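Undergrad: Next come a sequence and a model predicted from it.
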Amino acid sequence: MKVTVVGAGGNVGSTVALSIAERDFAKEVVMVDIEKKDGDNTFYPSKGRALDQWEASPISGFDTRLTGTVDYEDTKGSDVCVITAGVPRKPGMSRDDLLEINSKIVKGVTEELVKYSPDTIIIIVSNPLDVMTYVAHTASGLDKSKVMGMAGILDTARFRSFLAQELDVSPKDIQSLLMGGHGDTMVPLPRYTTVSGIPVTQLIDKDKLDAIVERTKKGGGEIVGLMGTSAWYAPGAAAAQMVEAIMLDQNRIFPCAVLLEGEYDIKDIFLGVPVKLGHGGIKEIIEVDLDESETDLLRASEKAVRSTLEDFKKLMDK
Ligand SMILES: NC(=O)c1ccc[n+]([C@@H]2O[C@H](COP(=O)([O-])OP(=O)(O)OC[C@H]3O[C@@H](n4cnc5c(N)ncnc54)[C@H](O)[C@@H]3O)[C@@H](O)[C@H]2O)c1
Ligand SMILES: O=C(O)C[C@H](O)C(=O)O
């Protein structure tokens, strides 16, 4: 029950680590980041954040050991590794603008991780998400069931939280599905959204629902506009939920970015679809019926991700 989080000296990574610790199912969370120089000083953000979080254990009541490091040897034998290493976007940027810098980081980090944990499961968080998951899969040599991207849980959580606010109901009672890439072309699916089993379309006007769908698609950008950098609380909780589902073999159904090989008539890219998560990683890709307009939206999202993937391949050829 060992988890590694790389990029854990930063915002999302440290939140993933704390969220895992607070759930108290893992024995150990190793937090990796690089050292930072400032003049004559050298700082170790992953060690600092790990120590600060471990000091919260008596108050929050968890046993999960949090340790910080810059040495991959300490990650040896990890069951699950979460990669949040990379640069977040700033206002005016798209996630795709991070392609060049983050692909180098994710490739390097993945190679280090599999050196010490050749059977691990990898969850990618770094953006642009769908292509970074492709990069990690290629660099790791791991089976496709063991490499996945976190985005759909976050995006559906945004959709669910906005609906809960509009309907004045508990967010816990809203279930939803969302597919496609983690960008503005993502495809929230109101037809697969219910409030305790009641189709949401029966509870809310079409205009209001359409506005909430649009807000969800731009949910990441809304936070960037407010903070000058991207979100971490909801993304951190979402990645921790995936780790928990895998390690406790919960067989939970979540939308995750996975390698498609013909499912939904899509091949050779990572894209968000519903999957069953448990021991071993992705146990099953679930194919749901989509109507014509939903299929068109998924195709458009596939096209957008494919275009970023082509850009990545061109970078590799340079
Ligand atoms: N998938 C999602 O839904 C989602 C949500 C939020 C953020 N993100 C992405 O997650 C990434 C991290 O965001 P953040 O807000 O935590 O940024 P951050 O700057 O706070 O943290 C990133 C950390 O990565 C570290 N890092 C950089 N290069 C590294 C390397 N080679 N090895 C180890 N660590 C390295 C940095 O030192 C930094 O501490 C960004 O790419 C962001 O776009 C994705
Ligand atoms: O929006 C971003 O750049 C970060 C992340 O993908 C998000 O959706 O919050």
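TA: Done, it's in. Numbers count the residues shown, from 1 in each chain. Ligands and ions are numbered 1, 2, ... in the order given.

Undergrad: Contact partners for the closest residue to L177 other than its chain neighbours?
TA: Spatial nearest neighbour of L177, chain neighbours left out: Y192 (3.9 Å); criterion: Cβ to Cβ, 6 or more residues apart in numbering. C-beta coordinates here come from the backbone N, C-alpha and C atoms, glycine included. Listed by Cβ atoms under 8 Å, 6 or more residues apart in numbering, the contact set of Y192 reads S176, L177, V288.

Undergrad: now, among those, which is nearest to ligand 2?
TA: Of all the contacts of Y192, ligand 2 sits closest to S176, with 16.0 Å by Cβ to the nearest ligand atom.

Undergrad: Need the pLDDT of the closest residue to the closest one other than its chain neighbours.
TA: Nearest residue to S176 in three dimensions, chain neighbours excluded: T193, at 4.1 Å (Cβ to Cβ, 6+ apart). At T193, the model reports a pLDDT of 98.

Undergrad: any idea how far T193 lies from I269?
TA: Relative to I269, T193 is positioned 25 Å away (Cβ to Cβ, to the nearest Å).

Undergrad: Check the gap between E261 and F270 for me.
TA: According to Cβ to Cβ, E261 stands 11 Å off from F270.

Undergrad: same thing with E263?
TA: From E263 across to F270, the span is 12 Å (Cβ to Cβ).

Undergrad: More neighbours: which of these two?
TA: F270 (28 against 15; other Cβ atoms under 10 Å).

Undergrad: which ones are touching the residue nearest to S176?
TA: F159, L163, I174, Q175, S176, L177, P199, V200, T201.

Undergrad: so which two of the residues you listed are the farthest from each other?
TA: F159 and P199 (14.5 Å; Cβ to Cβ).

Undergrad: count of residues packed around the residue lying closest to V125 once chain neighbours are set aside?
TA: Distance criterion Cβ to Cβ, 6+ apart; nearest residue to V125, sequence neighbours excluded, is T84 at 4.3 Å. If you count neighbours by other Cβ under 10 Å, T84 ends up with 31.

Undergrad: try H279
TA: So H279, with other Cβ under 10 Å, has 14 neighbours.

Undergrad: ok, now which ones touch it?
TA: Here H279 is in contact with I246, M247, D249 (Cβ under 8 Å, 6+ apart).

Undergrad: any idea of the pLDDT on it?
TA: For H279, the predicted pLDDT is 98.

Undergrad: what's the distance between it and T193?
TA: 29 Å.

Undergrad: same check, this time on I212
TA: From I212 over to T193 (counting by Cβ to Cβ), the distance is 10 Å.

Undergrad: same question, E214
TA: Distance, E214 to T193, using Cβ to Cβ: 15 Å.

Undergrad: The residue of the chain found nearest ligand 2: what's it in contact with?
TA: As assessed by Cβ to the nearest ligand atom, ligand 2 sits closest to G220 within the chain, at 2.3 Å. By Cβ under 8 Å, 6+ apart, G220 lies in contact with R95, S230, A231.

Undergrad: Report all helices and strands that the lengthiest helix in the chain contacts.
TA: Counting residues, the longest helix in the chain under DSSP state H turns out to be helix 292-317. Judged by 3 or more Cβ pairs under 8 Å, 6 or more residues apart in numbering; DSSP states H and E, the packing partners of helix 292-317 are helix 99-116, helix 129-140, strand 187-188, strand 267-278.
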